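> would you be able to build a 3D model of this:
(one chain, ligands or ions: 1)
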Amino acid sequence: MSSERSSFTGKIGFVLAAAGSAVGLGNIWRFPYLAAKYGGGIFLLVYIVLAITFGFTLMITEIAIGRKTKLSAIGAYRSLNKKFSFIGYLAAIVPIIILPYYSVIGGWVIKYLAGFVSGRGDAMASGMTYFGGFIGTTVEPILWFLLFLGLTAVVVLLGVEKGVEKVSKIMMPALIALILFIAIYAIVTIDGAWEGVKYYFMPDFSKFSIMTVVAAMGQLFYSMSLAMGIMITYGSYMKKDISIEKSAKQIEIFDTGIAILAGLLIVPAVYAFSGGDEAALGAGPGLMFGTLPQIFDVMPFGDVIGAVFFIMVFFAAITSSISLMETVVSIIQDRFHTSRRMTCLIVIGICLLLGIPSSLGFGLWSNFTILGLSILDFFDFISNNVIMPLVALATCIFVAFVLKPKSIEDELEIGGKAKKRYLFNIVVKFIAPICLIVILVSSVLNVFGVISI
Ligand code: PFF
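Residues are numbered from 1 along each chain as shown. Below you'll find the predicted structure:
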């Protein structure tokens, strides 16, 4: 069976495919608003430390489990130890929760793309006012959501992912260059942006709280597609002669690099436009949509640059949503043996069921909150701050004390010498489980209002 599983060709094939899934709205939309909200430089520092230690460990573990078992999450955990197959099921829930609200944000991206293409960029440049008005309406955001979801579904149904990936291979480097260009332009020309650069890069330790770690950890899972079975699936297609450590390092550098750049584009600008006002910095999910049009507004050819920018963001978003939908489809297909077309329809149904309320939660249903969170924020919280840390914790305990780290280390050695054995052992046995328990407990207590951090 295993010999029939197709593999990524070449060394770079694996890294590119995994990076294509990893780089998405998490980097461009989610990272900057968290960095702005949780103290700028201190968030960046915590994120990088976690990425190097914890993120790296979890990524190599998941890839190794996938390559060792040649199965995706549910089957992989089951084949390693029947008692631990629950980890696979838990991981499988995550993409099912994320895909619907990811498509709502994807819809916002298309709306802004359409706005700039039709030359209405200046109307959007009123900061959060325009954005708030837009997401507060009932029908329009749902229509854009349906369009994004429909496009994702068409690609998955027709099986034309390869074509999209080809385009996105050109789009990705172009996006990096454009972000860099716009960021430098904004920092140089906008009054007060330099102060914002300092806020973004210089850690202010007085802004540190356990919530900084909670937010950074959730973001790490989300952005690197960890703790949701994705990297296990990618690993299952990876050839034995490729170094897992090297690949994980490349994916991490790529993913984190783009997130840091996106933050550099957005955080200093918000800081400058608001004079460092805490409420503006803490705007949350709408931050990118409120801020970018303001930057494009002060740029020559701002409408054109805005349009090109949002096209690229759209490609980054749709490659990720395709990989999310593919994952959900294969989970359901493996479990219920339904046809691919039928499964796609089921997945679309789930997305409508969870996505429409997520969108309405900003307008018609804004009085309806769960644990004080809007519906979209609730889905984001429950997946990133509860289920993913649980999956990661269970994985670490399983690997450290049941499977034993050696088993993973042996897999790492196959494609090259495992250089980080020592780090891996300590993180998987002690650091990660302790951190994860602290994070889980504090984020849950925080949302229940038991503690305030
Ligand atoms: N990592 C993606 C992002 O940062 O946008 C989100 C994601 C894509 C998660 C694909 C999971 C996945 F399968």
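> CA atoms for contacts and neighbours, from now on please.
Noted.
> near Ser118, how many other residues are there?
12 (other CA atoms under 10 Å).
> pLDDT value on it, please?
For Ser118, the pLDDT comes out at 93.
> which regions of the stretch 351-453 of the chain lie under the pLDDT threshold?
415, 418, 450-453 (pLDDT under 70).
> now the helices for it?
Secondary structure of the stretch 351-453 of the chain (DSSP state H, counting those that start in this stretch): helices at 375-381, 388-397, 405-414, 421-426, 432-447.
> so which of the ones you listed is the most packed in?
Burial of those is given as mean neighbour count (mean count of other CA atoms under 10 Å); helix 388-397 ranks first at a mean of 23.
> and that helix, what does it pack onto?
The contact analysis (3 or more CA pairs under 8 Å, 6 or more residues apart in numbering; DSSP states H and E) places helix 388-397 against helix 85-117, helix 210-223, helix 432-447.
> so which of the ones you listed is nearest the ligand?
helix 210-223 (3.5 Å; CA to the nearest ligand atom).
> ok, residues contacting the very next helix or strand once past that closest one?
Moving toward the C-terminus from helix 210-223, the next helix or strand (DSSP states H and E) is helix 230-236. The contact list for helix 230-236 (CA atoms under 8 Å, 6 or more residues apart in numbering) reads 14, 18, 59, 62-73, 76, 225, 327.
> which among these count as buried?
14, 18, 59, 62-73, 76, 225, 327 (16 or more other CA atoms under 10 Å).
> out of these, which are close to the ligand?
Ser225 (CA under 6 Å from any ligand atom).
> and the helices and strands packed on helix 388-397 as CSV, adding distance to Ile370?
Rendered in CSV, the data for the helices and strands packed on helix 388-397 read as follows (distance: least, CA to CA, whole Å):
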stretch, distance to Ile370
helix 85-117, 15
helix 210-223, 19
helix 432-447, 10
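> so which of those helices is nearest Tyr237?
helix 85-117 (17.4 Å; CA to CA).
> now for the closest one, which elements pack on it?
Going by 3+ CA pairs under 8 Å, 6+ apart, helix 85-117 lies up against helix 73-80, helix 139-158, helix 302-336, helix 340-360, helix 375-381, helix 388-397.
> list the buried residues of that helix.
In helix 85-117, counting by 16+ other CA under 10 Å, buried: 85-117.
> tell me the helix or strand right after that helix.
helix 128-136.
> what distance separates that next one from the middle of the whole chain?
23 Å (CA atoms, centre = their mean, to the nearest Å).
> that one - contacts with which helices or strands?
helix 139-158, helix 287-297.
> can you do 10 Å?
Applying 3 or more CA pairs under 10 Å, 6 or more residues apart in numbering; DSSP states H and E, we find helix 128-136 packed against helix 85-117, helix 139-158, helix 287-297, helix 340-360.
> which other residues reach that helix?
Residues outside helix 128-136 that contact it (CA atoms under 10 Å, 6 or more residues apart in numbering): 108, 111-112, 123-125, 140-142, 280, 283, 286-291, 294, 359-366.
> rerun that using 6 Å as the cut-off
Under the criterion CA atoms under 6 Å, 6 or more residues apart in numbering, residues 124, 290, 362-363 lie in contact with helix 128-136.
> can you tell me which of those is nearest the ligand?
The closest of the contacts of helix 128-136, once distances to the ligand are taken by CA to the nearest ligand atom, is Gly290, at 19.1 Å.
> mind listing what the closest one touches?
Here Gly290 is in contact with 127-128 (CA under 6 Å, 6+ apart).
> tell me the spacing between it and Asp122.
12 Å (CA to CA, to the nearest Å).
> Ile74 now?
For Ile74 relative to Asp122 (CA to CA), the value is 49 Å.
> one more: Val214?
Taken as CA to CA, the span from Val214 to Asp122 is 37 Å.
> those two - which one has more neighbours?
Relative neighbour count places Val214 above the other of Val214 and Asp122, with 23 against 16, counting by other CA under 10 Å.
> contact partners for that one?
Counted by CA under 6 Å, 6+ apart, Val214 has contacts Ile439.
> for the stretch 51-200 of the chain, what lies in contact range of the ligand?
Residues of the stretch 51-200 of the chain lying near the ligand (CA under 6 Å from any ligand atom): none found.
> again, only this time at 8 Å
Residues of the stretch 51-200 of the chain lying near the ligand by CA under 8 Å from any ligand atom: 95, 98.
> what do you get for the stretch 301-450 of the chain?
316-317, 319-325, 327.
> just send the residues you listed back as TSV, with pLDDT too.
Shown next, in TSV, are these (pLDDT from 0 to 100):
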residue	pLDDT
Ala316	90
Ala317	93
Thr319	89
Ser320	90
Ser321	93
Ile322	91
Ser323	88
Leu324	91
Met325	93
Thr327	87
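> show me the shaky parts of this structure.
1-13, 415, 418, 450-453.
> only C-alpha atoms, please: export stretch 189-201 in PDB.
Provided in PDB are the C-alpha atoms of stretch 189-201 (Å, rounded to 0.1, in the frame of the first residue of the first chain):
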ATOM      1  CA  THR A 189       6.500  59.200   3.800                       C
ATOM      2  CA  ILE A 190       3.900  58.900   6.600                       C
ATOM      3  CA  ASP A 191       4.500  61.200   9.600                       C
ATOM      4  CA  GLY A 192       5.100  59.300  12.800                       C
ATOM      5  CA  ALA A 193       5.500  55.900  11.100                       C
ATOM      6  CA  TRP A 194       9.000  55.600  12.500                       C
ATOM      7  CA  GLU A 195       7.700  55.600  16.000                       C
ATOM      8  CA  GLY A 196       5.500  52.800  14.900                       C
ATOM      9  CA  VAL A 197       8.500  50.900  13.600                       C
ATOM     10  CA  LYS A 198      10.000  51.200  17.000                       C
ATOM     11  CA  TYR A 199       6.800  50.000  18.600                       C
ATOM     12  CA  TYR A 200       6.900  47.000  16.300                       C
ATOM     13  CA  PHE A 201      10.500  46.000  16.700                       C
END
